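>>> Just to be clear, the model below is a prediction. Sequence and coordinates:
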Amino acid sequence: MSRNYSVKDNTVENRLFINRIVAAFIIIILLTAGLIVRLMYLQIVGHEHYSSLAKDNSIKIVPLVPNRGIIYDRRGKILAENMPSYSLELIPEKIPDLNDTLLRLQKLLEISDEKIELYQKLRKRQKRFTSTPLLLNMNNEELAKFAVARPFFPGVDIQTRLVRHYPYSDLSAHVIGYVSRINEAELKELPIAEYRGSTHIGKLGIESSYETQLHGKTGYAEIETNVQARLLNTINEKTPDPGANLYLTLDIDLQKTAYDALGSFNGAVVAIDIKTGGVLVFVSRPGFDPNPFVVGIANDAYQALQSSDNQPLYNRALRGLYPPGSTIKPFIALAGLEYDAISPQKAILCPGYYQLPGVSHQYRDWKKGGHGSVSLNKAITESCDVYFYRLAAALGIDHMHSFLQKFGFGEKSGIDLVGEKSGLLPSREWKSARKNQAWYPGETIITGIGQGYLQVSPLQLARATATLANRGNVVTPFLVDKIVTAQTTFPGPETHQQIIPLKPDNIDTIVAAMVNVVHSARGTAKRINQDISYQIAGKTGTAQVLGIKQNAKYNENEIDIKFRDHALFISFAPADDPKIAVAVVVENGGHGGSVAAPIAGQVIKQFLQENNEH
Amino acid sequence: MNTETRSEQFQPPSLLGNLLRKLHIDIPLFIGLFLTSLLSFAILYSAGSQDMDILSRQAARIGLAFLLMTVLAHIDPYQLKRYSVVLFGLGIILLVAVLIMGQIGKGAQRWLDIGFFRFQPSEMIKITTPMMIAWYLADHPLPPKVKQLFIATILIFVPTLLIAKQPDLGTALLVASSGAGVLFFAGLSWRFLLAISATLAALTPILWHYMRGYQRDRVLTFFNPEADPLGRGYHIIQSKIAIGSGGIYGKGWLGSTQSELDFLPESSTDFIFAVFAEEFGLFGCLGLLILYLLIIVRCLYIASQAQDTYSRLLASSLAFTFFVYVFVNIGMVIGILPVVGVPLPLISYGGTSIVTLLAGFGILMSIHTHKKFLPI
């Protein structure tokens, strides 16, 4: 083979190139001719047809926006509705002197300069004949003032539109979420025909996860308009399908009880109907008022929410991750029974500390001097740490991991809310993958009392408790009970049935110990057993480390409060026929028994009372 | 030895001409671009509802673009060739960076925020891709062999796929065609060209699979706009009404009723040609097309006069890509191509595309005004 390919032949290349230039020119001319032919077709042949479409009386297709579905709680109380809202709108074209009009309006209605500026910006982006809002959400006083002065303001009028309203404000904000203006990124992804004319979209919570159902189906009308875009006649109309109404499993009165019971503390309360998995209470405190987000929250107000130390925008129930502390003990104990690592009768001696063989480090019990001789029942009732250090060492991390996983720790519960966190259930694999380190025996020990890497959300705690109360039948939490359209009613999300194989005796042992936590003289939550005709099974917990506080801004003079322990409590009742499971996390609340347990006690009491009456 | 440049033999007598020549500006091309920019202001004034804000922002953008063009016209093509690979590599890195940031920030992401201004790497890659391909092919004998074709194809595919993933189909198309243009002008045999077209046609179903919902909608709507009058079909129907109602002579400047009454969406950006056609009619459209053709012909002439292979390939590909711009935009507005987001070059409002386009013309001017010797 000749190797002449490395030699460049300039003459040949020149000719080739000029040929290609000519070829390109011909292609360009041909394609341009194509464009011209099409233009001639549209502008000469089709001219009359298109002119008649465009001329004086034009047919315009306008979208008919469906009304958004209403959200109710389990008793039919309205959680999200559409309220008429009055806005002051200006049509620049019809106003002789816009600046003068704006000045006079500013004086009359005491409008801030900021709003005038905002209006000017908005106006410049719109046609001169479109009605552009200056004031949204006018109150009665403003309406009255303008009504009187109206004749002096040609081109200014009051418009009514429906605005989403959340009557329970911050009480339900973390469950319902809110709707807000569609942003550019969403606009690109949305089905454009469905959302033509829609201005708002669900951003969080139920409003977001059930957006399709709540929004409904947009209709349209073909209308005849004249050159001033004035409506002459409606030719054809396809009415919109209104959005579906949602009935939640949430009990807003119970929600309020839980929210108020948290008092000035930050924290979360989740209660689940054990029989169905329906979520009864889903509290994250502090909440925030979602209503300003609907009309467009002012920047400084938003900044204030964002930078607040209490993090009101943070959904603690869904996304807050905490070490479970001693609330993990019933599950570890059950694992010990199932794996035959312990027996209910056998007691151990608790000297107040535990040592791994051959290691000098002492793992201390919360009680100085120890609990003495400790059986399983006493270990849970009095929350003895040493008992669980030993049990953890006997079980090993692999068994603990696989057992706790069955109760939903370390994975999303599948609740019908967006943004759920899966928490962290550590294992050897996790540690070598994420930290590239071996698992140390000491880490097994502290996992036994719910410390170390273990991180759970309040929702996960409630779910695991419900599953335990349900004797191993896994409970899947959900919020939407029914989806009601004009035609039919659909059920909420599907829940899949899973059963953890557990020995009934073992469950009874754990439940009996958890009842003692509340009802025995030495129980850590004994203060909530007054005046009740049923038994509560529970477990207190205290989490030493700050979960979400770690990434909060430093604040030295408050450091003592911030580093106070989180108080936790899990419970279900009645112990012999469980109906409701409650998990409570009180940030920096101190001890589970004194702060968290009474909150759960109140929720349980109210729920059982209300449900016995019916 | 003759180091004089060719254009110096035809010195324009005027002071302005002298100045422009010192600036390495090609006068015919400059006039064409300048006229088109003026036209842009006239149409934007009408399409943007006489909003002076839009005009001043466009003026700032065009000013910046002309400045960049002048700067690039000063850079010797030899230098451009030297840095082709580095610039192309940098472009790819930035594209990947944008994609990763997009994944973190969710949804479409095309911008890199560099402090005080936002930068769109996909714009830069529109020029560096043909530079890269031209650099690669220039040192091999032409027409390219299978091996070179293979490597060049990969070099084109990488940026194209990265941009298509953003997702920005319009720009991806332009980048692909700028690279393919180089191959075409390098003399790739017609048989290969046919084979590539056939392969691309066969790949369409795969591309379809990777398209996002709204992109599929656009293509489907193109085949049957009336089926979706409220959604994507709306653009095409309204734009055809605007163009058709313009007729032969048009409704006159500021006489567009369709954009004024808000029937026509995106009247200042991608669909500005519809406003133009409505106001200036068929004659106006022919005039605009002729103006574009004159620019393209001048560019092809510059390419034909270029002295080394790299300059030729780059110049001709830039000229051809400019035509693709015009063709795709007008084609989609008059309803013979699907709606992909490509602006009407030099006229549409906004976007950084105008800066990139004039940067390309700056390179063409540099090629034309930096000749070292007379061609044999």
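Nice, thanks for sending it over. Numbering: from 1, shown residues only, chains lettered A, B, ... in the order given.

>>> and residue B:268, that one's in a helix?
No. Counting by DSSP: H, G, I helix; E, B strand; the rest coil, residue B:268 falls outside a helix, being coil.

>>> Surely it touches residue B:347?
No. Assessed by CB atoms under 8 Å, residue B:268 is found out of contact with residue B:347, at 9.9 Å. Every residue, glycine included, has its C-beta placed from N, CA and C.

>>> Please enumerate the strands of chain B.
B:112-114, B:117-119 (DSSP state E).

>>> what's the average pLDDT for the first one?
Strand B:112-114 shows a mean pLDDT of 57.

>>> give me the number of residues near the closest residue to chain B within the stretch 51-200 of chain A?
Nearest residue of the stretch 51-200 of chain A to chain B: residue A:193, at 3.0 Å (CB to the nearest CB). Look at residue A:193: counted by other CB atoms under 10 Å in any protein chain shown, it has 19 neighbours.

>>> and if you look at residue A:611?
12.

>>> for it, what are its contacts?
residue A:579 (CB atoms under 8 Å, 6 or more residues apart in numbering or on different chains).

>>> Is it in a helix, a strand, or coil?
Secondary structure for residue A:611, judged by three-state DSSP, is helix.

>>> quick one: it from residue A:597, how far?
Using CB to CB, to the nearest Å, residue A:611 is found at 21 Å from residue A:597.

>>> can I assume residue B:58 is in contact with residue B:41?
Yes. Residue B:58 lies in contact with residue B:41 (CB under 8 Å); the separation is 6.9 Å.

>>> And residue A:511, how far from residue A:505?
Taking CB to CB as the measure, residue A:511 falls 11 Å from residue A:505.

>>> did I read that right, residue A:49 in a helix?
Yes. Checked against three-state DSSP, residue A:49 lies within a helix.

>>> can you pull the pLDDT of residue B:92?
With respect to pLDDT, residue B:92 scores 92.

>>> ugh, typo on my part, it should be residue A:421
For residue A:421, the model assigns a pLDDT of 91.

>>> what number of residues lie near the closest residue to it other than its chain neighbours?
Distances taken as CB to CB, 6 or more residues apart in numbering or on different chains place residue A:319 nearest to residue A:421, at 4.6 Å, with adjacent residues excluded. Neighbours of residue A:319 under the rule other CB under 10 Å: 19.

>>> With the one 10 residues further on instead?
The number of residues packed around residue A:329, counting by other CB under 10 Å, is 28.

>>> does it really touch residue A:450, like I thought?
Yes. Counting by CB under 8 Å, residue A:329 does reach residue A:450; the two are 7.2 Å apart.

>>> which residue is nearest the centroid of chain A?
For chain A, the residue nearest the mean C-alpha position is residue A:205 (4.1 Å; CA atoms, centre = their mean).

>>> For that residue, give me its contacts.
A:173, A:174, A:175, A:176, A:177, A:178, A:417, A:418.

>>> Look up phi and psi at it.
With angles defined as degrees, to the nearest 10, residue A:205 sits at phi 60, psi -150.

>>> Look up how far residue A:477 lies from it.
14 Å.

>>> same thing with residue B:279?
Separation of residue B:279 from residue A:477 (CB to CB) stands at 61 Å.

>>> These two: who's more crowded?
residue A:477 (29 against 24).

>>> per-residue pLDDT, that one?
Note on residue A:477: pLDDT of 94.

>>> my read: it touches residue A:417, true?
No. The criterion here is CB under 8 Å, and residue A:477 misses it with residue A:417 at 9.4 Å.

>>> give me every residue that touches the closest residue to residue B:64 other than its chain neighbours.
In space, and not counting its chain neighbours, residue B:64 is closest to residue B:355: 6.2 Å by CB to CB, 6+ apart. The contact partners of residue B:355, by CB under 8 Å, 6+ apart, come to B:61, B:64, B:65, B:68, B:123.

>>> roughly how far apart are the second one and residue A:18?
Going from residue B:64 to residue A:18 by CB to CB gives 36 Å.

>>> before we move on, what about the third one?
Residue B:65 sits 31 Å away from residue A:18, going by CB to CB.

>>> Between these two, which is the more surrounded one?
residue B:65 (23 against 13).

>>> Surely the more buried one and residue B:361 touch.
No. If you go by CB under 8 Å, residue B:65 and residue B:361 don't touch, sitting 9.1 Å apart.

>>> which stretch of helix or strand covers residue A:259?
Using DSSP states H and E, residue A:259 falls within helix A:252-261.

>>> got it, and residue A:490?
strand A:489-491.

>>> Report the strands that pair with that strand, each with its relative direction.
strand A:480-484 (antiparallel) (DSSP bridges).

>>> Residues touching the partner strand, excluding its own?
With CB under 8 Å, 6+ apart, strand A:480-484 has contacts from A:74, A:206, A:210, A:213, A:244-249, A:278, A:416, A:489-493.

>>> Tell me who's in contact with residue 163.
All of this is about chain A. A:82, A:83, A:84, A:85, A:137, A:294, A:295.

>>> actually chain B
B:95, B:122, B:125, B:171, B:172, B:175.

>>> Got the confidence number for it?
So residue B:163 comes in at 87 (pLDDT).

>>> Chain neighbours aside, what residue packs nearest to the residue nearest to the centre of chain A?
residue A:177 (2.4 Å).

>>> Reformat the contacts of residue B:163 as TSV; add neighbour count and pLDDT.
Converted to TSV, the contacts of residue B:163 look like this (neighbours: other CB atoms under 10 Å in any protein chain shown; pLDDT from 0 to 100):
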residue	neighbour count	pLDDT
B:95	24	88
B:122	26	84
B:125	31	91
B:171	26	85
B:172	21	87
B:175	30	91
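
>>> Going by distance to residue A:223, which of these wins?
residue B:171 (37.6 Å; CB to CB).

>>> Please enumerate the helices of chain B.
B:15-22, B:27-47, B:52-74, B:77-105, B:121-138, B:146-164, B:169-185, B:190-210, B:213-223, B:233-246, B:257-260, B:272-305, B:309-333, B:353-369 (DSSP state H).

>>> tell me the SS of residue A:236?
Applying three-state DSSP: residue A:236 is strand.

>>> and it, what does it touch?
Residue A:236 neighbours (CB under 8 Å, 6+ apart): A:221, A:222.

>>> Repeat the analysis, applying 6 Å as the threshold.
For residue A:236, the contacting residues are residue A:222, by CB atoms under 6 Å, 6 or more residues apart in numbering or on different chains.

>>> can you pull up the bridge partners for it?
Under the criterion used (DSSP bridges), residue A:236 bridges to residue A:222.

>>> next one: the one 10 residues further on
With DSSP bridges as the criterion, residue A:246 is bridged to residue A:71, residue A:483.

>>> do the same with residue A:473
Applying DSSP bridges, one finds that residue A:473 bridges with residue A:499.

>>> is it true that it touches residue A:500?
No. Taking contacts as CB atoms under 6 Å, residue A:473 lies outside contact range of residue A:500: 7.9 Å.

>>> hmm, back to that, just give me the closest of the contacts of residue A:163 to residue B:144.
Distances from residue B:144 to the contacts of residue A:163, taken by CB to CB, are shortest for residue A:294, at 60.6 Å.

>>> Confirm that that closest one lies within a strand, as I assumed.
No. Using three-state DSSP, the assignment for residue A:294 is helix, not a strand.

>>> What residues does it make contact with?
A:164, A:179.

>>> Return the per-residue confidence for it.
Predicted confidence (pLDDT) for residue A:294: 87.

>>> Same question for residue A:3.
pLDDT at residue A:3 comes out at 40.

>>> cool, and residue B:85?
The per-residue pLDDT of residue B:85 was computed as 93.

>>> The lengthiest strand in chain A pairs with which strands, and in what direction?
Looking across chain A with DSSP E, the single longest strand is strand A:78-90. Strand pairing for strand A:78-90, using DSSP bridges, gives strand A:71-72 (antiparallel), strand A:132-135 (antiparallel), strand A:156-165 (antiparallel).

>>> weakest of those strands in terms of mean pLDDT?
Among the strands paired with strand A:78-90, strand A:132-135 scores lowest, with a mean of 82.

>>> how far off strand A:156-165 does the next helix or strand after that strand point, in degrees?
Downstream of strand A:132-135, the next assigned helix or strand under DSSP H and E is helix A:140-149. Angle, helix A:140-149 to strand A:156-165, by axes from the mean of the first three to the mean of the last three CA atoms, to 10 degrees: 160 degrees.
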